[in-house]
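> Sequence plus the predicted model coming up.
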Protein chains: 4
Amino acid sequence: MRPSPPRRPLVALPTDASARAKGRPRNAATDRAILDATRAALADLGWGGLTMGQVAVRAGVAKTTVYRRWPSKNELVVDAVADLFDDLEMADLGSLRADVEAVVHRFAALLSRPETQAALLALFAEGTRDPLLRRRIREAIVDPQKRLVRQGRTNAQARGELPPDQDEAAAREEVDLIFDTIAGAVEHRILVSGQPASESWVRRFTTLLLAPLSGLPPTPEQARPEQAGHRQA
Amino acid sequence: MRPSPPRRPLVALPTDASARAKGRPRNAATDRAILDATRAALADLGWGGLTMGQVAVRAGVAKTTVYRRWPSKNELVVDAVADLFDDLEMADLGSLRADVEAVVHRFAALLSRPETQAALLALFAEGTRDPLLRRRIREAIVDPQKRLVRQGRTNAQARGELPPDQDEAAAREEVDLIFDTIAGAVEHRILVSGQPASESWVRRFTTLLLAPLSGLPPTPEQARPEQAGHRQA
Amino acid sequence: MRPSPPRRPLVALPTDASARAKGRPRNAATDRAILDATRAALADLGWGGLTMGQVAVRAGVAKTTVYRRWPSKNELVVDAVADLFDDLEMADLGSLRADVEAVVHRFAALLSRPETQAALLALFAEGTRDPLLRRRIREAIVDPQKRLVRQGRTNAQARGELPPDQDEAAAREEVDLIFDTIAGAVEHRILVSGQPASESWVRRFTTLLLAPLSGLPPTPEQARPEQAGHRQA
Amino acid sequence: MRPSPPRRPLVALPTDASARAKGRPRNAATDRAILDATRAALADLGWGGLTMGQVAVRAGVAKTTVYRRWPSKNELVVDAVADLFDDLEMADLGSLRADVEAVVHRFAALLSRPETQAALLALFAEGTRDPLLRRRIREAIVDPQKRLVRQGRTNAQARGELPPDQDEAAAREEVDLIFDTIAGAVEHRILVSGQPASESWVRRFTTLLLAPLSGLPPTPEQARPEQAGHRQA
DNA sequence: GGATAAGCGAGACGGTACGTCTGGTCTTAGT
DNA sequence: ACTAAGACCAGACGTACCGTCTCGCTTATCC
């Protein structure tokens, strides 16, 4: 759960624990209720149908109380959705391929939830116009996922499947590339093409991703029709 | 430009040239004016700021006239944006790598236009809830791009860079995978991460895509720190 | 009923009967419904409880429709209340005293209606700050009453009870004085002191008003305890 | 300044000097600050613009503090305005006419102050619906003025200009009539008609009021155009 | 060439949500 | 007990668009 600082939810919050806030303190349970209501409303009504008033009603709270904590629908949804992404974790299953497949599956599962579907692209679309929102999205939603890529990399390096980083900047670019490719492909597959990230699709996609790692074709049982000597266009 | 049938712009349009419409015919220039106004408004105001009323005003046309031709903002924007994608073409530059890089560049250029940025993700987001809209998006925007992948494949097969298709279904799955990967990665890079698809990024991404094609490392100048010696391991 | 011109309800309305209004014409019945709803709401809820939303609901009309015709509560109430004053008429009962008593009674009756009570003073209070509103109140509500004084005067002059006007300006000042005195006294009696304008009170008040007309005491049956023998002292 | 009882400013205030209040005593200066702030805000913003919050801010005091002392805007304004009326006093200038003119002038001067204008009619309007408020207005504002009429009467009786009261009830009715007439006429002149109570107007109005006292026309220099034998309609 | 029919512009209309404001109550900490 | 500060609920505010409708007018084809 994103914290909900007294006045400026977007900036760094020193919250000088010493400086006790004046006046009546905010009800912490209200934050949870609002975020839950937001997710429920998103799943029910979609992005377009989501209104601050609806959220307030569902949370059993006055509209002003919602606005006091989140200045707009965008910020609110960022936080509501970010919660969903907090659960993502990198598995360490003993091989890079297994780890990648696992994370792709988890990401796909997340994108299949109605509240995520309703919110994610709409949020990205808004972020396109509003740099502040984009930054917030990045911090709350995108970067935590990027962390997974980094961690998977580190794990693989520890196992000797990948060489250690030599150039810091190059490593970062590599992570960005891998990340954009994974996230973009899965999102496009599920949200735009509207097809599920099936077992087989995930296997093929992982094969594509890992191809640079070996001059050899992947192990036979994963390589299906497309593998015969040439893999793709 | 999408044609604009008298009543049902979404379904097949017989337009039995024989059955001449009764009453006063529609002004064809109005279609163009509306679509242009839509794109301009998108670039200026973004998806959220775009309203049918604004479009009408900018097109110098009555609101009813817009509604008569497009039943809603969604449909209107699909058509307005689809026009932009009509220009995409597959180059035939003599090598698969060159062709891929070229098409990625063109796609990236398209996604950098303000009207595309404002519209594309928002449209996809709406499509998430409305299957009809999703189908329409697919037909008008996504599939034409998929065609590029198919064509690039065919070209490469003609050159001998790729083997001929053996299994129809497998080939289709292959195309889908490649397409989702390219489209998703570029969209994510530009629209979500907010970074340009630089020369270098495109090169590295293409290398990733084409890796399965060879047990050999890519040409030296593209091979940078991150893979040195490990591609073949 | 105050007319309700298409856009500027406050200014003179040429309404070049020739220049047919563009667009869909307003529904005339809606004007009536709104004004009726306003009076009903005033009587039920008082000035403070009256909201544009309530009026709209009671009139079975959208809030925007109310705002389209009257820009604010003030203007709306002016018109709604003005209707009530349209009924006031000067009787011609054969004597100035009878005429005055009749008009005072009618005015008092008007001020006893709940909708008038709720509205009149509140309206005057607002007029205190807003010169435009004051002018509008004067035109729609106050002046029509002043007309009664003038007409009563004319009638009395015709009967020979009053001498003809000699000085125009003086006559106007005289009318103003009489009018402010009558209106003010009745309003204060009913609305501030909260006591009814009883038969007896009206008689005594009329006596006070007409005293300057004669050096003689008023007719005996009206002269009651409070003046017996002392008027002439 | 109205005293400010610990809890119930509306009811009788025993303030048993013996019964010392528990806890921290109220700051008496705060009462003054709040009432001053109320008058200032009234003059600046008018009745409609006046809010408890505004008053609190201007008085440099917490909203709760205001509410603790005055349960609502109405009560607060009654007290704030009542202060203004405390200054009214009956002069004793040697003749009834002079006394009446003097008191009318003072009353008119009071009604010309912005804070009075903003408050008085609005208060009366509210009183129309709320009997408790009406009573409070009467006690705090209206009755003190009525006292002036009584006192003027007594003075005039002492001088022999008026006969002594014979019937208690009749005298009271007489006072009420005179009072409603004076107060009403001046209020209407200034607040509704929006014209000043000029020297000349006051003279003519006084003449009207005093006419019953003599069968003779008033002294020549006061009797202006309108006096020639007949005074008015 | 007059009937018929649709296109078109203008604006009324009933709705819904907006984001803000105020009122009045409450809940804290500090005096 | 009191003040100051601010959270909180409730609900009105006036505005913006929505998508539909009702007009008067125009512009075509068809009989």
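Structure received. Residues are numbered from 1 along each chain as shown, chains lettered A, B, ... in the order given.
> Closest approach to DNA strand F from chain A, which residue is it?
With CB to the nearest atom of the strand, the shortest gap between chain A and DNA strand F falls at residue A:23, namely 2.0 Å. In short, each C-beta sits where N, CA and C put it, glycine included.
> and that residue, what helix or strand is that in?
Assigned by DSSP states H and E, residue A:23 belongs to no helix or strand.
> I'd guessed residue A:134 sits against residue B:191; true?
No - in this structure, residue A:134 is not within contact of residue B:191 by CB atoms under 8 Å, at 9.4 Å.
> so what's residue A:108 closest to, chain neighbours aside?
Using CB to CB, 6 or more residues apart in numbering or on different chains and skipping residues adjacent in sequence, the residue nearest residue A:108 is residue A:197, 3.6 Å away.
> Next up, phi/psi of that neighbour, please.
phi -90, psi 80 (degrees, to the nearest 10).
> burial count for it?
20 (other CB atoms under 10 Å in any protein chain shown).
> Spit out the contact partners of it.
Neighbouring residues of residue A:197 by CB atoms under 8 Å, 6 or more residues apart in numbering or on different chains: A:104, A:105, A:108, A:111, A:186, A:189, A:190, A:205.
> Check residue A:182 too.
Taking CB under 8 Å, 6+ apart as the test, what residue A:182 contacts is A:100, A:103, A:104, A:107, A:149, A:209.
> which residues in chain A form helices?
With helices called from DSSP state H, chain A shows them at A:28-49, A:52-59, A:63-69, A:73-86, A:96-111, A:114-127, A:131-137, A:143-159, A:168-187, A:199-210.
> Indicate the residue of chain A located nearest to chain D.
Closest to chain D within chain A is residue A:23: 10.0 Å, counting by CB to the nearest CB.
> Kindly report the domain assignment for chain A.
A:28-71, A:81-218 (automatic domain parsing).
> which among the contacts of residue A:197 gets closest to residue D:213?
residue A:111 (95.5 Å; CB to CB).
> ok, that closest one touching residue A:117?
Yes - using CB under 8 Å, residue A:111 is in contact with residue A:117, at 6.7 Å.
> Overlap in contacts, the two.
Residues touching both residue A:111 and residue A:117 (CB under 8 Å, 6+ apart) are A:190, A:191.
> quick one: stretch A:133-152 near DNA strand E?
No - if you take CB under 7 Å from any atom of the strand as the test, stretch A:133-152 misses DNA strand E, and the best it gets is 13.0 Å.
> Quick one: end-to-end distance for that stretch.
28 Å (CA to CA, to the nearest Å).
> Can you give the contact residues for it?
By CB under 8 Å, 6+ apart, stretch A:133-152 touches A:2, A:10, A:74-75, A:78-79, A:81-82, A:85-86, A:88-90, A:96, A:99-100, A:103, A:107, A:120, A:123-124, A:126-128, A:175-176, A:178-179, A:182-183, B:192-194.
> coming back round to it: looking at the residue nearest to residue A:108 now. What's its pLDDT?
Note on residue A:197: pLDDT of 96.
> From residue A:105, how far out is it?
From residue A:197 over to residue A:105 the distance is 7 Å, taken as CB to CB, to the nearest Å.
> Disregarding residues adjacent in the polypeptide, which is nearest to residue A:58?
Residue A:58's closest residue in space is residue A:37 (CB to CB, 6+ apart), at 3.7 Å.
> where in chain A is pLDDT low?
A:1-20, A:214-233 (pLDDT under 70).
> Residue in it with the shortest distance to chain C?
For chain A, CB to the nearest CB, closest residue to chain C: residue A:53, 15.3 Å.
> Neighbours of that residue, how many?
Going by other CB under 10 Å, the residues that sit close to residue A:53 add up to 10.
> got a list of what it touches?
Residue A:53 touches residue A:63, counting by CB under 8 Å, 6+ apart.
> Correct me if wrong: residue A:163 contacts residue A:170.
No - look at residue A:163 against residue A:170 with CB under 8 Å: they stay out of range, at 11.7 Å.
> And residue A:61, how far from residue A:26?
Relative to residue A:26, residue A:61 is positioned 11 Å away (CB to CB).
> whoops, residue A:212 was the one
Distance from residue A:212 to residue A:26, by CB to CB: 51 Å.
> When the two are compared, which one has more neighbours?
Between residue A:212 and residue A:26, counting by other CB under 10 Å, residue A:212 is the more crowded of the two (21 against 15).
> Skipping its backbone neighbours, what lies nearest the more buried one in space?
residue B:211 (4.1 Å).
> Now do the one you found: how many residues are near it, please.
24.
> now do residue A:67
Neighbour tally, residue A:67, other CB under 10 Å: 13.
> Looks like it contacts residue A:34 (just checking).
No - counting by CB under 8 Å, residue A:67 stays clear of residue A:34, with 10.6 Å between them.
> Check whether stretch A:83-91 comes near chain B.
No - Stretch A:83-91 lies out of reach of chain B by CB under 8 Å from any CB of the partner chain, never closer than 13.4 Å.
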